[in-house]
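Enquirer: here is the input, now give the coordinates:
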Amino acid sequence: MKGTWKEAAHQRIAKVIAANPGVTDEKELRKRISAAYPFGLRQYHPYKAWCQAVKETFAAPVEHGIKATYSPADYTDTPMFGGES
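Expert: Down below sits the predicted model:
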């Protein structure tokens, strides 16, 4: 797997949002996103990257109350597994 932890987090969050188009309640959507956490234990750098991605997702409201867009320029954190992204 190539990329950064934050990029992987944004991709997972985008999949959850896409799979739940009828969910407009932010609290319910946050629960579903939290349940989809992909990195094992909720600690260390991967969890911090996940939290940052969730924060960015809900930073500004758009069509259905969330911001589900991100750009490659957002991914300046540590590459996953020590490789180049």
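
Enquirer: can you show me the helices along the protein?
Expert: 5-19, 26-35, 44-57 (DSSP state H).

Enquirer: could those go into JSON lines alongside mean neighbour count and mean pLDDT?
Expert: Heads up, the C-betas are built off the backbone N, CA and C, glycines and all. As requested, those are exported to JSON lines (neighbours: other CB atoms under 10 Å; pLDDT from 0 to 100):
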{"stretch": "helix 5-19", "mean neighbour count": "19", "mean pLDDT": "92"}
{"stretch": "helix 26-35", "mean neighbour count": "13", "mean pLDDT": "93"}
{"stretch": "helix 44-57", "mean neighbour count": "17", "mean pLDDT": "94"}
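
Enquirer: Pro46 and Trp5, how far apart?
Expert: 5 Å (CB to CB, to the nearest Å).

Enquirer: okay, and the common contacts of the two?
Expert: Contact with both Pro46 and Trp5 is made by residues Phe39, according to CB atoms under 8 Å, 6 or more residues apart in numbering.

Enquirer: quick check: the gap between Gly40 and Pro21.
Expert: Separation of Gly40 from Pro21 (CB to CB) stands at 28 Å.

Enquirer: surely Val16 and Pro38 touch.
Expert: No. Judged on CB atoms under 8 Å, Val16 makes no contact with Pro38 at a distance of 10.4 Å.

Enquirer: could you name every residue contacting both of these two?
Expert: Common neighbours of Val16 and Pro38, using CB under 8 Å, 6+ apart, do not exist here.

Enquirer: hmm, Ile33 and Asn20 touching each other?
Expert: No. Counting by CB under 8 Å, Asn20 stays clear of Ile33, with 9.1 Å between them.

Enquirer: for stretch 26-34, give me every contacting residue.
Expert: By CB under 8 Å, 6+ apart, the list of residues contacting stretch 26-34 reads Ile13, Val16, Ile17, Asn20, Val23, Val54, Thr57, Phe58, Gly65, Ile66.

Enquirer: which residues touch the first one?
Expert: Yep, that's Ile13 we're talking about. So Ile13 contacts Ile33, Ala36, Ala53, Val54, Thr57, Ala68 (CB under 8 Å, 6+ apart).

Enquirer: swap in 10 Å and give it another go.
Expert: 29, 32-33, 36-38, 50, 53-54, 56-58, 66, 68, 70 (CB atoms under 10 Å, 6 or more residues apart in numbering).
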